[in-house]
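Visitor: all I have is the shape, not the residue letters:
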């Protein structure tokens, strides 16, 4: 998809979400994968404050959400974090789930910590501070024990915000299965907005059936092995119906690949976000939280924290930054 097409989509999004006249806060919802965003920026941004303390996670997180808010012009922002023990359900299905992930976040950073433990403690501090900053902004933060952000976001998109235009921000490719006429996925690393057409253009598989590509290919980042010998081209050749608009089911896939049915069923349970497996009580909590009044902007508190953290050089015009990115959201929040 060309850059002109991305721009035209964003202009359409802005038009739908940019006016308060008769608007509902849930008209245009930006959903941000919180931990995914934080880990990405913590790993690559070497920014320090005036005391020489690494604050790249805080600065990068705030700038990232400000950037996408300014680009999308949403009427509401929901930021979702993994809950404590969020991977437990998937580990019961597949004990090796995410077992390849070690405590290492040095991807492309020039800042050197004294030790790995020092880095871990700094990371925890910055993540906690990000949540404190979010408490002063007109956004909704969601996190539930034993639930991963993926599941919460899938539930929001498919069963809660059913009348909303939605943009999900994450680098997690699993979210591409949610792309449809009202839900788009923004990849901040690729600087690419995925609607149904963009998914098909890149993978040659319809968004409706993208989940089956993920199931068959696996996900190395989560330590989920796919079906051996199947890459994208082979998948399209063996299962040409994935290129069609018909929604395929698991029997359609296992009929073609019966010898791999166990892996296919396991990976589907691990990766599908269309009908997430979370408890009724948690679903009720999510709905209740979404229906609660949205936090209002507490400008003085944000600026006080900003001064405490000595972020002057990182965000030199903090008042302008706040008003540019959060003023419209605050006006919508006041309607709730």
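Guide: Yep, it's here. Nothing here was measured: the structure is a model prediction, and the numbers come from that model.
Visitor: in the helix or strand containing residue 270, what's buried?
Guide: Per DSSP states H and E, residue 270 falls inside helix 261-271. Within helix 261-271, the residues that count as buried by 16 or more other CB atoms under 10 Å are 263, 264, 267, 268, 270, 271. C-beta here means a position set from N, CA and C on the backbone, and glycine is covered the same way.
Visitor: how far does it sit from its chain's centre?
Guide: 22 Å (CA atoms, centre = their mean, to the nearest Å).
Visitor: how far does the next helix or strand after it sit from its chain's centre?
Guide: As assigned by DSSP H and E, the chain's next helix or strand after helix 261-271 is helix 280-291. Computed by CA atoms, centre = their mean, the chain-centroid distance of helix 280-291 equals 19 Å.
Visitor: okay if I get the buried residues of helix 261-271 as JSON lines plus pLDDT?
Guide: JSON lines is the format used below for the buried residues of helix 261-271 (pLDDT from 0 to 100):
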{"residue": "263", "pLDDT": "97"}
{"residue": "264", "pLDDT": "97"}
{"residue": "267", "pLDDT": "97"}
{"residue": "268", "pLDDT": "97"}
{"residue": "270", "pLDDT": "96"}
{"residue": "271", "pLDDT": "96"}
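Visitor: which among these gets closest to residue 331?
Guide: Minimum distance to residue 331 across the buried residues of helix 261-271 is 38.3 Å, recorded for residue 271 (CB to CB).
Visitor: give the contact list for the closest one.
Guide: Shown in contact with residue 271 (CB atoms under 8 Å, 6 or more residues apart in numbering): 174, 211, 214, 215, 219, 224.
Visitor: what sits against the closest residue in space to it that isn't next to it in sequence?
Guide: Nearest residue to residue 271 in three dimensions, chain neighbours excluded: residue 214, at 5.3 Å (CB to CB, 6 or more residues apart in numbering). The contact partners of residue 214, by CB under 8 Å, 6+ apart, come to 173, 174, 177, 267, 271.
Visitor: please state the offset of the helix or strand residue 65 falls within from the chain centre?
Guide: Taking DSSP H and E as the criterion, the element that holds residue 65 is helix 56-72. Relative to the centre of its chain, helix 56-72 is centred 13 Å away, using CA atoms, centre = their mean.
Visitor: now what about it, what contacts it?
Guide: The set of residues external to helix 56-72 that reach it, using CB under 8 Å, 6+ apart, is 10, 13-14, 17, 28, 30, 32, 37-38, 40-42, 44-48, 77, 79, 109, 111, 123, 126-127, 129-130, 133, 167, 169, 186, 188, 309, 311, 314-315, 321, 324-326, 329.
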